[in-house]
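Peer 1: The sequence and its predicted three-dimensional model are supplied below.
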Amino acid sequence: MNAIKMPRGFRAAGISAGIKQRGDQDLALVTLERAGPAAALFTRNQLLGAHVTVCREHLAQSGGRVRALLVNSGNANCATGDAGIDDARQLAGAVAERMECPASEVLVMSTGVIGARLPMPKLLEAVPRLFDALADDGAQEFNRAIMTTDTTEKRATRTLGDARLVGVAKGSGMIHPDMATMLAYLFTDAALGGDAHAMLTEANQQSFQRMTVDGDTSPNDTVLLWSSEKSGPASLFERALTSVSGELARLIAKDGEGASRLITIRVSNAPTEDAAAQVGRVIATSPLVKTAVAGRDPNWGRILSAAGRAGVPFDPNRAMVRVGTSVVFADGRPHPANEGAAARYLADEAEVILSIDLAAGNATADVWTCDLTADYVSINADYRT
């Protein structure tokens with residue numbers, strides 16, 4: 001991917017601090033000239049990474065104003081007790097000292113293996129090198145440094161008049177609402193105005209809450225919206241925020257561990273949008289549906305059965321299931337004559353759509369997932385070893 005310039009006021013960097021054994025980039029930094037407004041959403045897992053506690057604390061203390069963001073990969077700093085929280089605070093303090101700002105204006109975040117202390121001497125030694133590497137076109141280096149099992153970088157941009165919105169994310173496995181094993185950052189120079197937290201929550205509901213890879217959630221999940229306020233309020237900003245978030249969510253699902261297919265589950269004519277999303281999530285998390293796609297098998301029975309256990313009332317005899325454009329179930333019966341075309345579609349296309357019409361209302365929702373292959377087992381069996 002080509003280098004992407006950060007929105008005005010932001011500078012970013014990513015370097016290797018020695019957390020990852022292979023020497024890959026694993027420490028990232030974004031800074032602002034002056035603290036800007038931010039809103040964040042965190043995991044609802046009862047097990048919390050240390051950064052969740054510290055970030056909530058700092059956002060409350062600073063009134064939601066952020067001057068710097070430090071992120072490490074390769075180590076989740078989770079299940080490390082009070083010592084892990086102290087480590088996160090110490091890192092925030094080291095960055096704040098360089099920035100000459102309160103530690104409460106610094107957010108620190110971590111992603112990686114659960115249960116190990118951060119290698120603090122390495123990280124503290126690396127902080128000055130991070131500042132030396134800062135650049136206004138450093139989004140790519142930042143992105144690379146926050147990746148764990150990701151195989152591709154995940155970025156998206158929108159231009160809104162003289163303002164810009166840049167989204168950067170990581171995530172590949174342990175992905176499921178609420179919210180997914182992901183870190184997602186939405187940087188903008190547009191003034192946020194209004195209730196930034198409510199705006200981010202709505203965008204999250206339409207995007208990151210509608211993707212899944214494997215049905216597991218993380219103790220470190222975080223989505224951050226942060227503005228430098230270099231421009232005035234941008235028209236259609238909320239739409240752009242949802243669009244960028246949705247693009248990042250699809251990139252995460254597409255890069256699911258071991259995946260060979262990005263799958264869009266499209267649920268139509270549901271009683272409500274929430275009901276459509278719920279049906280989509282249940283289908284998307286079904287190992288039987290995901291393995292059928294991996295085997296290029298248009299097994300409509302697995303799709304319909306998963307929808308039937310989603311807790312949303314509908315009459316299966318009125319439902320319709322499509323694989324791509326091929327109708328494989330309708331009018332209460334299968335349509336085997338169409339399964340050959342459906343199987344070829346699954347074999348030929350890297351991005352596939354599985355659709356179900358519930359005939360129970362007018363609402364529609366898309367949910368994104370990926371197929372489940374033997375490579376997923378290999379990646380996760382060897383994750384720590």
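Peer 2: Now that the structure is in, tell me what you want to look at.

Peer 1: quick one, strands of the stretch 101-250 of the chain?
Peer 2: With DSSP state E, counting those that start in this stretch as the criterion, the stretch 101-250 of the chain has strands at 106-113, 154-160, 163-170, 183-190, 222-231.

Peer 1: Could you tell me the average pLDDT over the first one, please?
Peer 2: Strand 106-113 shows a mean pLDDT of 96 in the predicted model.

Peer 1: surely Ile252 meets Gly171?
Peer 2: Yes - when contacts are counted by C-beta atoms under 8 Å, Ile252 is listed as touching Gly171 (4.1 Å). Yep, even glycine has a C-beta here, placed from its N, CA and C like the rest.

Peer 1: With neighbour numbers in mind, choose between the two.
Peer 2: Gly171 (32 against 29; other C-beta atoms under 10 Å).

Peer 1: and the closest residue to that one other than its chain neighbours, how many neighbours?
Peer 2: Of all residues not flanking Gly171 in the chain, Met182 sits nearest, at 3.3 Å (C-beta to C-beta, 6 or more residues apart in numbering). Counted with other C-beta under 10 Å, residues neighbouring Met182 total 28.

Peer 1: Which residue ranges of the stretch 101-250 of the chain form helices?
Peer 2: Ranges of helices in the stretch 101-250 of the chain, per DSSP state H, counting those that start in this stretch, are 120-133, 139-145, 196-205, 237-254.

Peer 1: looking at these, which is buried most?
Peer 2: helix 139-145 (a mean of 24; mean count of other C-beta atoms under 10 Å).

Peer 1: quick one: that one to chain centroid distance?
Peer 2: Here helix 139-145 is found 15 Å from its chain centre; the criterion is C-alpha atoms, centre = their mean, to the nearest Å.

Peer 1: go on, stretch 45-53?
Peer 2: A distance of 17 Å separates the centroid of the chain from that of stretch 45-53, by C-alpha atoms, centre = their mean.

Peer 1: Just the mean pLDDT for that stretch, thanks.
Peer 2: 95.

Peer 1: Mind listing what's buried along it?
Peer 2: Asn45, Leu48, Gly49, Ala50, His51, Val52, Thr53 (16 or more other C-beta atoms under 10 Å).

Peer 1: Now do the helix or strand Gly93 falls within against strand 106-113, angle only.
Peer 2: Of the helices and strands defined by DSSP states H and E, Gly93 is found in helix 81-99. Here helix 81-99 runs at an angle of 130 degrees relative to strand 106-113 (axes from the mean of the first three to the mean of the last three C-alpha atoms, to 10 degrees).

Peer 1: ok, and what's touching helix 81-99?
Peer 2: If you take C-beta atoms under 8 Å, 6 or more residues apart in numbering as the criterion, helix 81-99 is touched by 29, 31, 50-51, 53-54, 58, 67-68, 70, 77-78, 80, 102-103, 105-108, 110, 117-118, 120, 123-124, 127-128, 131.

Peer 1: Could you dump the buried residues of stretch 45-53 into TSV and include distance to Leu165 and secondary structure?
Peer 2: Listed next are those as TSV, based on distance: C-beta to C-beta, whole Å; DSSP: H, G, I helix; E, B strand; the rest coil:
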residue	distance to Leu165	secondary structure
Asn45	28	coil
Leu48	28	coil
Gly49	26	strand
Ala50	29	helix
His51	24	helix
Val52	25	helix
Thr53	28	helix
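
Peer 1: In JSON lines, list those along with distance to Met199.
Peer 2: Formatted as JSON lines, the buried residues of stretch 45-53 follow (distance: C-beta to C-beta, whole Å):
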{"residue": "Asn45", "distance to Met199": "24"}
{"residue": "Leu48", "distance to Met199": "24"}
{"residue": "Gly49", "distance to Met199": "25"}
{"residue": "Ala50", "distance to Met199": "27"}
{"residue": "His51", "distance to Met199": "23"}
{"residue": "Val52", "distance to Met199": "21"}
{"residue": "Thr53", "distance to Met199": "24"}
